[in-house]
Structure formats: structure tokens, C-alpha cells
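# Output the structure for:
(chains A, B, C and D)
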There are 2 protein chains.
Amino acid sequence: MAKNRGYGRAETTTPALGSLDFALDRGSPVPLYYQLAQQLEAAIEHGVLAPGNLLGNEIDLSVRLGLSRPTVRQAIQTLVDKGLLVRRRGVGTQVVHSQVKRPLELSSLYDDLEEAGQGPTTQVVRNELVPAAPDVAAALGIAEGGEVTVLERLRFTHGQPVAFLCNYLPAGLLDLDTARLEATGLYRMMRSAGITLHSAHQTIGARAATAEEASRLDEKEGAALLTMQRTAYDDTGRPVEYGTHVYRASRYAFDFQLLVRP
Amino acid sequence: MAKNRGYGRAETTTPALGSLDFALDRGSPVPLYYQLAQQLEAAIEHGVLAPGNLLGNEIDLSVRLGLSRPTVRQAIQTLVDKGLLVRRRGVGTQVVHSQVKRPLELSSLYDDLEEAGQGPTTQVVRNELVPAAPDVAAALGIAEGGEVTVLERLRFTHGQPVAFLCNYLPAGLLDLDTARLEATGLYRMMRSAGITLHSAHQTIGARAATAEEASRLDEKEGAALLTMQRTAYDDTGRPVEYGTHVYRASRYAFDFQLLVRP
DNA sequence: TAGTGGTCTAGACCACTAT
DNA sequence: TAGTGGTCTAGACCACTAA
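Numbering: from 1, shown residues only, chains lettered A, B, ... in the order given. Sure thing, here's the model as predicted:
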């Protein structure tokens, strides 16, 4: 009995990849497996490798490319991790039917808006050192009453307010120049300060706007707002930012791609 | 100049791990790297390996365990992928300071509620075959007007409505028995039918409740609701489900853990 | 300079899938 | 049965970090 579904599409189409030539540069500092992965990804992106296409077995590939099998496997694995390829024992490696574009990102509102061509601007409302409230202290792993930077910003696109952002950061983590904060996003400033974000915990909810929020965001009192709380961690697992954000639901929604880890 | 932050914690604590003994069973069908990864994870979970602890270099580890270095690396890599360990060239491998519990999940409302001890129940409002509307057809990659199953459910906890779920599935994908749908979740039914979810695209937003939604969810008209649209794909990338969900913001919020892929 | 992880090789055997 | 990916070994050299 097939454990399978009644609506089929051909599992394989063409063996393909025969004439595909990959240019590997052994002199480059870029790892060989990475060069291969990039070129495979480009081939998939450009449709040279169509969904359902088999990639050919790893041994042949490694011989043709003059690489060892583990190296080829490493290249393939990175694309499997990205969700572009699927491996099936006894079958082969094939291009996933429907592609996943953004595997997952710790999204930055500023980057999101800029990418969407929304020309974001920022107005810093508050930027000072304060003693940590209990929730902030807990989120940042700091003693209650310890110094933290509080940052309140209004974000606009096309002159319209989109969100009110309140963030807390460990004091001294970063030079939070107000002018730079208005010219770029917080995450970009952290990145350029050598802080690499690694993970985050997010809670997304909704509620009605208070009178104050309504006036700040140019909504009516009681309008639906989207809320997000986020704690972000750097690559050693130290909390580097805790934020409470409020978005106008009429102008913003969260959009992600999820991958299920096997 | 240090690219580093002014609030420090010691980078390393104890070399540790000296007496930690791992039991590897070569007769087991479970891969060696996986056995090692599990035992390392358990040691971290139980605090035997504390945050900041160095793991000792890979060569020594492999000698001590009687494994080859690539096998040990593979074990470590899976934990790095999970966000439990950090590797630094020239430094070593250490346990992340603040741990990430759920790296990421394609969350199922039913499972979420059950896990939270909320005893979810479901009422199937509608379960029939209909021709696909344009948006549904586009999401499922099916011809417009083609047959799809439409499923409308109300989900409760403690007798209170939490969400109204509307899902579309390719016709014939799954046997959608109403009784089973009321006893369990849709994703569980898909999983037990051999469909392995692989990725999904989600949009989360908010809006005010319409009169109809308000009466269904026991809210007032205009109350803030949390909305989600999701298209889920199986491991070959075929869309297997498209859904439009509405949650009572007063009773539900989305909660995730995000990992940034390097 | 010594020690670490990052990359790479050239094999081997096994488990699973399809025919 | 033939072909595939999954796992594993025992080395090698390099790039980076810290002292």
C-alpha cells in the first residue's frame, strides 16, 4: 500500500546536469565545497536545474569535478539545509519542487522596509541610560536596577508612521549615536560594531491601541495593533537586545519562511 | 582595538569534561555521531557542561572516544546547528551561554495548546470538496477551479474559543475524517498519513473582528484579532496545505525561537 | 609559537530503494 | 540485484587566535 498521496507529479524529469560545468578555483580562499554549493544554487535559481531534476550520484559528481566525495557531499548538504535539495537513500538527490527563498531570517524592520522599497526613516524619541526594570533585567540577564540603554524610536515609510520601537540594550554594548540611529537600523549598527546575532526569542501578538499609541501612530484608539517582543542573543548566547515593538496592523505584517529541521 | 563589548563575562570557566564518559554502542543502528551528539546534548542540558565550558579539542576527543575526527566533528556540528555550541578557530568549542530550547518549529496550534496543558478541543464546522478560488489555486499550485478540500474548524481550550481555522488541501491528499479531526490536529493526521512537512511560508498580521468573527469567537466586534496565513510544503516541495487562521489576541500569541544561519 | 578549528582526500562498508 | 545515499576511517595541510 502506498503511503502516498493521490495527486501526482512526476518524481523525476531529466537526468540533466550533463553539460553543466562548474568552475572550481583551487587557488581561491573560498572553500571548494562552498564554490560548488554556490554554483549549484545559481543553477537552481536560474532554472538550469529544474524542480524534480536528479543531480546524479555523488561518486560520479566527485569524479567529474575532481573532488573527493565528502567534499561534494558537504556542498550538497548545505543546499539540503537551505531546503533547495532533497536526498533520498536509494533514489538520489533532487531539486525541491517548490522553492524556499528566505529560509529564515532574524528580520530587521529597517531592512525589511528598505528591501520592499519603502524608504524607511526613523525618529529617535528617547535614548538614555536607565536602571533596568525587572522584566528588562530578566531578559538581558542583568541585575535588577543595573544600567541599561533605553531606546524609543518611531519608524516611518513615505512619511507615515509604521511602528513604535522600544529597545533595551546592556549599557556600553554599543555606541548608540542618535544621528546614526536615524540614518540606519539598530541591527546594522550592531553588525558593524562586530556583534553577530545568533538567535532570538520572539513573541508576536495583537491588541487594541491605547489613546497614546493611537496618536503616535496616527490610528484611532482601539485600532488593531501587532505587537512583538524579542530578545536577541549574540553568538556566545549573551542577550544583547530586548525590545517591545508595536506595529500598525493596517501597514505591516510579519512574513517568514520556516524550515523544519529533520 | 577590541571589537568587543564592555560588559564581560569570563569566556572560559573550567576545561571540564575530563571524567565525562560517553557510552558508544557500535552495535546499535543509531549512528555513532548521533549517539555522541545526544550524550553531549544531555550533558549540556543537565548542566554537566556549563555555559562557557570548553569542550577540549577534537583530536583528543576522537582519540579518547575511539572515533575518527570527522565523526566527532559531525556530532559537534549537529549541536552547533542547534545553537548549543559555538566553535571559534584558534580558540576551541564552547557551550553557548544562554541556551536555545526550541530552535524552530513549524508549530501546530493543536500541539502548542496540548503542550501548554490547555486541553484543546476542535469543532469541525465545514469539511467538503469545493472548486479552488484563485488565491487557493495559486497557493496550492493547482488549476483554478480544481477540486480542493475546504476545512473550517473552531478550536477551544477549557470550553473557550481560541481560534477559527480555515484550511485548503489538495483533494485526495488525505482522508479527512471529521471524527478524527475533532480528536486530534490536522498536522498530526498528515504526519501519520506519511506526509512529512518540510517548510512553510507564513504571514502574521492583525485586524479588528468583523461581527461574524466576533460572535464565533465570543469577542466584541472590533476586538483585535491575530491572523495567520500559511502555506505548508512537504519534503519534495509540493504544497500540501494552505490556511487562513484567526486567533483571539486576548487568548493567544505566537512564540518562537529563531536561529540565524551563518 | 603552539594550539585550535576549517578544509580536503581516498578509500571502505552498510542500509535503503527500485526493478 | 544494482544503484543510491548514510556512515566511518586515518590521515593531511592550512588559517586563525592567543600568548
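
# A:Leu151: what's it in contact with?
A:124, A:126-127, A:165-169, A:176, A:181, A:186 (C-beta atoms under 8 Å, 6 or more residues apart in numbering or on different chains). For glycine as for every other residue, the C-beta is placed from the backbone atoms N, C-alpha and C.

# Please list the members of these that lie in strands.
A:124, A:126-127, A:165-169 (DSSP state E).

# Can you list the low-confidence ranges for chain A?
A:1-20, A:98-106, A:113, A:115-117, A:261-262 (pLDDT under 70).

# before we move on, the earlier item: of the contacts of A:Leu151, which count as buried by neighbour count?
A:124, A:165-169, A:176, A:181, A:186 (16 or more other C-beta atoms under 10 Å in any protein chain shown).

# Excluding chain neighbours, give the residue nearest to A:Ala214 in space.
Distances taken as C-beta to C-beta, 6 or more residues apart in numbering or on different chains put A:Glu221 closest to A:Ala214, at 4.4 Å, once the chain neighbours are dropped.

# Near DNA strand D, which residues of the stretch 1-150 of chain A are found?
Proximity of the stretch 1-150 of chain A to DNA strand D, by C-beta under 7 Å from any atom of the strand, involves residues A:29, A:55-60, A:69-70, A:73, A:87-93.

# And the residues you listed, which of them are buried?
By neighbour count, with 16+ other C-beta under 10 Å, these hold A:55-56, A:58, A:73, A:87, A:92-93 as buried.

# Can you redo those residues as CSV, where the extra columns are secondary structure?
Converted to CSV, those look like this (DSSP: H, G, I helix; E, B strand; the rest coil):
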residue, secondary structure
A:Leu55, coil
A:Gly56, coil
A:Glu58, helix
A:Arg73, helix
A:Arg87, strand
A:Gly92, strand
A:Thr93, strand
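
# Go ahead and confirm A:Ala75 touches A:Tyr33.
Yes - at 4.3 Å, A:Ala75 and A:Tyr33 qualify as touching, with contact defined as C-beta atoms under 8 Å.

# More neighbours: which of these two?
A:Ala75 (27 against 20; other C-beta atoms under 10 Å in any protein chain shown).

# Same question for the one helix or strand the more buried one maps to: list its buried residues.
Under the criterion of DSSP states H and E, A:Ala75 resides in helix A:69-82. Of the residues in helix A:69-82, those buried by neighbour count under the rule 16+ other C-beta under 10 Å are A:71-82.

# and if you look at stretch A:187-200?
So for stretch A:187-200, counting by 16+ other C-beta under 10 Å, buried means A:187-190, A:195, A:197-200.

# on that earlier part again, identify the residues contacting the residue nearest to A:Ala214.
So A:Glu221 contacts A:208-211, A:214 (C-beta under 8 Å, 6+ apart).

# export the buried ones among the residues of the stretch 1-150 of chain A next to DNA strand D to JSON lines and tack on distance to DNA strand C?
Converted to JSON lines, those look like this (distance: C-beta to the nearest atom of the strand, whole Å):
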{"residue": "A:Leu55", "distance to DNA strand C": "16"}
{"residue": "A:Gly56", "distance to DNA strand C": "16"}
{"residue": "A:Glu58", "distance to DNA strand C": "9"}
{"residue": "A:Arg73", "distance to DNA strand C": "9"}
{"residue": "A:Arg87", "distance to DNA strand C": "11"}
{"residue": "A:Gly92", "distance to DNA strand C": "9"}
{"residue": "A:Thr93", "distance to DNA strand C": "13"}
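
# Of the residues you listed, just say which sits nearest to chain B.
For these, the closest approach to chain B (C-beta to the nearest C-beta) belongs to A:Arg87, at 9.9 Å.

# So that closest one versus A:Leu55, what's the distance?
9 Å (C-beta to C-beta, to the nearest Å).

# Common neighbours of the two, please.
Shared contacts of A:Arg87 and A:Leu55 (C-beta under 8 Å, 6+ apart): A:76, A:93.

# wait, which of the buried ones among the contacts of A:Leu151 is closest to A:Val136?
Lowest distance from A:Val136 to the buried ones among the contacts of A:Leu151 (C-beta to C-beta) belongs to A:Tyr168, with 4.7 Å.

# okay, now the nearest residue to A:Ala139 once chain neighbours are set aside: neighbour count?
In space, and not counting its chain neighbours, A:Ala139 is closest to A:Tyr242: 3.9 Å by C-beta to C-beta, 6+ apart. A:Tyr242 has 25 neighbours, counted by other C-beta under 10 Å.

# which helices and strands does the helix or strand containing A:Tyr242 pack with?
A:Tyr242 is part of strand A:239-248, with elements assigned from DSSP H and E. If you count contacts as 3 or more C-beta pairs under 8 Å, 6 or more residues apart in numbering or on different chains; DSSP states H and E, strand A:239-248 packs onto helix A:134-140, strand A:160-170, helix A:186-192, helix A:211-217, strand A:224-234.

# make it 7 Å
helix A:134-140, strand A:160-170, strand A:224-234 (3 or more C-beta pairs under 7 Å, 6 or more residues apart in numbering or on different chains; DSSP states H and E).

# Go through the ones you listed and pick out the most buried.
Comparing the helices and strands packed on strand A:239-248 by mean neighbour count (mean count of other C-beta atoms under 10 Å in any protein chain shown), strand A:224-234 ranks first with a mean of 23.

# Do that one and DNA strand D come into contact?
No - contact of strand A:224-234 with DNA strand D (C-beta under 7 Å from any atom of the strand) is absent, the minimum separation being 14.6 Å.

# quick one: that strand to strand A:160-170, angle?
For strand A:224-234 against strand A:160-170, the angle by axes from the mean of the first three to the mean of the last three C-alpha atoms, to 10 degrees is 30 degrees.

# Which residues of the stretch 1-150 of chain A lie near DNA strand C?
A:31-34, A:66-71, A:74, A:88-91.

# can you name the two of those that are farthest apart?
Longest span within these, C-beta to C-beta: A:Pro31 and A:Gly90, 29.3 Å.

# Output stretch A:240-249 as CSV, restricted to C-alpha atoms.
The C-alpha atoms that make up stretch A:240-249 are tabulated as CSV, following Å, rounded to 0.1, in the frame of the first residue of the first chain:
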residue,chain,number,x,y,z
VAL,A,240,22.3,41.8,23.5
GLU,A,241,18.9,43.3,23.0
TYR,A,242,15.4,43.2,24.3
GLY,A,243,12.6,45.0,22.5
THR,A,244,8.9,45.7,22.6
HIS,A,245,7.6,46.8,19.3
VAL,A,246,4.1,47.9,18.2
TYR,A,247,3.1,47.9,14.5
ARG,A,248,0.2,49.4,12.8
ALA,A,249,-1.6,46.3,11.6
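
# mind checking how far the residue lying closest to A:Asp235 once chain neighbours are set aside is from A:Ala232?
Leaving aside its chain neighbours, A:Asp235 sits nearest to A:His198 (4.3 Å; criterion: C-beta to C-beta, 6+ apart). Relative to A:Ala232, A:His198 is positioned 8 Å away (C-beta to C-beta).

# And the residue of chain A that's closest to DNA strand C?
Going by C-beta to the nearest atom of the strand, DNA strand C is nearest to A:Gly90 of chain A, at 2.2 Å.

# Correct me if wrong, but that residue is in a strand.
No - going by three-state DSSP, the assignment for A:Gly90 is coil, not a strand.

# Relative to chain B, how far out is the residue nearest to A:Pro161 when sequence neighbours are not counted?
In space, and not counting its chain neighbours, A:Pro161 is closest to A:Leu217: 4.9 Å by C-beta to C-beta, 6+ apart. Applying C-beta to the nearest C-beta, to the nearest Å, the value for A:Leu217 to chain B is 13 Å.
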